[in-house]
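S.K.: Following is a predicted model, sequence given first.
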Amino acid sequence: QVQLVESGGGLVQAGGSLRLSCAASDRSFTRYHMGWFRQAPGNEREFVAASSWSGGYTYYGKYADSVKGRFTISRDTAKNTVSLQMNSLKPEDTAVYYCAADAEHPVVAGSRPPYWGQGTQVTVSS
């Protein structure tokens, strides 16, 4: 069972940037499909971005339309981490951001990965 620990949240002004990181405990990190979700107060948890792999562990990214062009997901297999670079932040990006992992299925909008981190708060002021 993989354990996930997020870091990097905080308070930033609109237009600013933050970088979230998620450290995974499993040495088989390369085989996990990874994703980021977020949940704002009163809203359901929503998909943000995912790093999945196809044959030969070729990784590719997927993004929600709301963050496409502003957020970039990447993974460092040597450090067992997946990161989310968030640029041009908007007040509507304010939420708790969660890292998620699934060893069997790609992480996509609407999926329910079995492994989750504890979340990190991102607050964007106007």
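M.R.: All right, it came through fine. All figures in this text were calculated on a predicted structure; none of them were measured in a lab.
S.K.: For Tyr32, give me its contacts.
M.R.: Shown in contact with Tyr32 (Cβ atoms under 8 Å, 6 or more residues apart in numbering): 2, 24, 26, 101-103, 115. (Each C-beta comes from the backbone N, C-alpha and C, glycine too.)
S.K.: Check the gap between it and Gln13 for me.
M.R.: According to Cβ to Cβ, to the nearest Å, Tyr32 stands 34 Å off from Gln13.
S.K.: Same question for Ser7.
M.R.: Distance from Ser7 to Gln13, by Cβ to Cβ: 20 Å.
S.K.: again with Pro91
M.R.: Pro91 is 10 Å from Gln13, by Cβ to Cβ.
S.K.: Residues in contact with both of the two, list them for me.
M.R.: Common neighbours of Pro91 and Gln13 (Cβ under 8 Å, 6+ apart) are 124-125.
S.K.: Next, please give the residue ranges for the helices of this protein.
M.R.: Taking DSSP state H, the chain contains no helices at all.
S.K.: So in it, where's the weakest helix or strand by average pLDDT?
M.R.: strand 58-63 (a mean of 83; mean pLDDT, DSSP states H and E).
S.K.: residues near the residue nearest to Ser125 when sequence neighbours are not counted, how many?
M.R.: With Cβ to Cβ, 6 or more residues apart in numbering as the criterion, Ser125 has its nearest non-adjacent residue at 5.4 Å, and that residue is Gln13. For Gln13, the count of nearby residues is 10 (other Cβ atoms under 10 Å).
S.K.: Also the one 3 residues further on?
M.R.: One way to gauge burial is a neighbour count; for Gly16, by other Cβ under 10 Å, it gives 14.
S.K.: Next, the contact list for it, please.
M.R.: Gly16 sits in contact with 89, 124, where contact means Cβ under 8 Å, 6+ apart.
S.K.: Now the most centrally placed residue in the chain. Nearest residue, chain neighbours left out?
M.R.: In the chain, the centroid-proximal residue (Cα atoms, centre = their mean) is Trp36; its distance is 2.3 Å. Leaving aside its sequence neighbours, Trp36 sits nearest to Val48 (Cβ to Cβ, 6+ apart; 4.3 Å).
S.K.: Gly35 now?
M.R.: Closest to Gly35 by Cβ to Cβ, 6+ apart is Val107, at 3.2 Å.
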